[in-house]
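**Q** only the shape, not the letters, is given here:
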């Protein structure tokens with residue numbers, strides 16, 4: 001009886017689980033992107049990977065994918081020109097012969113007060129962090145829809161998709177927009193067996209946070225429930241779940257990978273110097 005239920009699930013609920021074992025990961029030269037690409041290779045995916053300027057880093061990622069026994073195809077792209085930059089995704093799909101998973105990871109930050117942010121800087125951040133994922137998703141999702149086998153889109157947002165931070169208003173606006181883009185795409189693409197979700201990291205020990213992929217220092221963040229930064233591999237684990245067949249009924253969700261930082265309020269939690277708050 002149990003076997004018959006499993007068969008029914010495979011034949012019915014999981015009709016869109018035959019999506020291509022090909023993943024495209026943008027910004028895969030370091031940090032979360034590199035860890036995600038390597039993790040998906042170990043899960044049996046061939047990879048299309050992009051980078052902006054770190055050619056040495058992307059070649060390292062390419063080598064690690066090869067060590068996992070999978071194929072890697074590399075493209076440089078610059079999402080400050082989102083129309084031109086997103087074409088790298090179309091090229092990768094063409095060369096790899098399909099796409100089943102897109103991970104929109106490439107991004108940039110901002111570190112100036114909004115009153116000191118000129119329009120050109122505002123547009124630069126939104127182009128990379130919001131316009132780029134929209135265009136890359138449109139390219140990949142169109143292919144997934146037309147192939148008729150379903151697929152997965154995973155957008156890397158941030159705890160700041162939900163929680164503000166001073167001097168990062170442009171970044172917060174872009175990530176908040178990406179959260180809602182994720183949810184609307186989930187509504188529109190569900191009929192085609194394409195799920196769309198976000199992974200929202202907290203502070204992760206990567207070059208983007210100035211930690212250059214160092215192992216996270218233990219007990220170094222007094223205001224975080226888990227008192228350390230995260231490791232890029234911990235984010236990659238979450239992406240791999242959402243990219244896999246086991247997440248077939250998860251769509252439109254934001255999975256926070258932040259060591260509980262969002263429970264504190266990231267602005268306040270990051271400002272606390274010790275753990276005296278734990279005493280209540």
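**A** Done, it's in. Keep in mind the model is a prediction, meaning the values are calculated, not measured.
**Q** quick one, what contacts the residue lying closest to residue 114 once chain neighbours are set aside?
**A** In space, and not counting its chain neighbours, residue 114 is closest to residue 169: 4.1 Å by Cβ to Cβ, 6 or more residues apart in numbering. Where you see a C-beta, it was placed from the backbone N, CA and C, and this is true even at glycine. If you count contacts by Cβ atoms under 8 Å, 6 or more residues apart in numbering, residue 169 has them with 110, 113, 114, 117.
**Q** how many neighbouring residues does the last one have?
**A** Look at residue 117: counted by other Cβ atoms under 10 Å, it has 16 neighbours.
**Q** which helix or which strand is home to the closest residue to it other than its chain neighbours?
**A** Counting by Cβ to Cβ, 6+ apart, residue 170 is the residue found nearest to residue 117 once chain neighbours are left out, at 5.8 Å. Using DSSP states H and E, residue 170 maps to helix 169-189.
**Q** centre of the chain to the helix or strand where residue 83 lies, how far?
**A** In the assignment (DSSP H and E), residue 83 maps to helix 82-96. Between the centre of helix 82-96 and the centre of its host chain there is 17 Å, according to Cα atoms, centre = their mean, to the nearest Å.
**Q** one more: stretch 56-69?
**A** 19 Å.
**Q** ok, and what's touching it?
**A** 28-30, 33-34, 37-38, 41-42, 47, 49-51, 71-72, 74.
**Q** please pick the buried ones from those.
**A** The neighbour count (16 or more other Cβ atoms under 10 Å) marks 28-30, 33-34, 37-38, 41-42, 47, 49-51, 72, 74 as buried among the contacts of stretch 56-69.
**Q** closest to residue 246 among those?
**A** Nearest to residue 246 out of the buried ones among the contacts of stretch 56-69 is residue 42 (Cβ to Cβ; 15.6 Å).
**Q** ok, that closest one - contacts?
**A** Contacts for residue 42 (Cβ under 8 Å, 6+ apart) come out as residue 68.
**Q** is it true that residue 73 lies in a helix?
**A** No: counting by DSSP: H, G, I helix; E, B strand; the rest coil, residue 73 falls outside a helix, being strand.
**Q** quick one: list the elements packing against the helix holding residue 83.
**A** Applying 3 or more Cβ pairs under 8 Å, 6 or more residues apart in numbering; DSSP states H and E, one finds that helix 82-96 contacts strand 22-25, strand 46-51, strand 72-76, helix 132-147.
**Q** tell me the angle of it relative to strand 46-51?
**A** 150 degrees (axes from the mean of the first three to the mean of the last three Cα atoms, to 10 degrees).
**Q** average pLDDT across helix 82-96?
**A** Helix 82-96 shows a mean pLDDT of 97.
**Q** tell me the helix or strand right after that helix.
**A** Next element after helix 82-96 (DSSP H and E): strand 101-104.
**Q** just checking: what are the partner strands of that next one?
**A** strand 22-25 (parallel), strand 151-156 (parallel) (DSSP bridges).
**Q** contacting residues for residue 177?
**A** 126, 130.
**Q** hmm, try it at 10 Å
**A** Going by Cβ atoms under 10 Å, 6 or more residues apart in numbering, residue 177 touches 126, 129, 130, 131, 133, 134, 157, 161.
**Q** can you list the helices and strands packed on helix 82-96 in JSON lines and add mean pLDDT?
**A** Below are those laid out as JSON lines (pLDDT from 0 to 100):
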{"stretch": "strand 22-25", "mean pLDDT": "98"}
{"stretch": "strand 46-51", "mean pLDDT": "98"}
{"stretch": "strand 72-76", "mean pLDDT": "98"}
{"stretch": "helix 132-147", "mean pLDDT": "98"}
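**Q** quick check: which of the ones you listed is buried the most?
**A** For the helices and strands packed on helix 82-96, the largest average neighbour count (mean count of other Cβ atoms under 10 Å) is found in strand 22-25, namely a mean of 31.
**Q** count of neighbours near the closest residue in space to residue 135 that isn't next to it in sequence?
**A** Leaving aside its sequence neighbours, residue 135 sits nearest to residue 86 (Cβ to Cβ, 6+ apart; 3.7 Å). By other Cβ under 10 Å, the residues close to residue 86 number 23.
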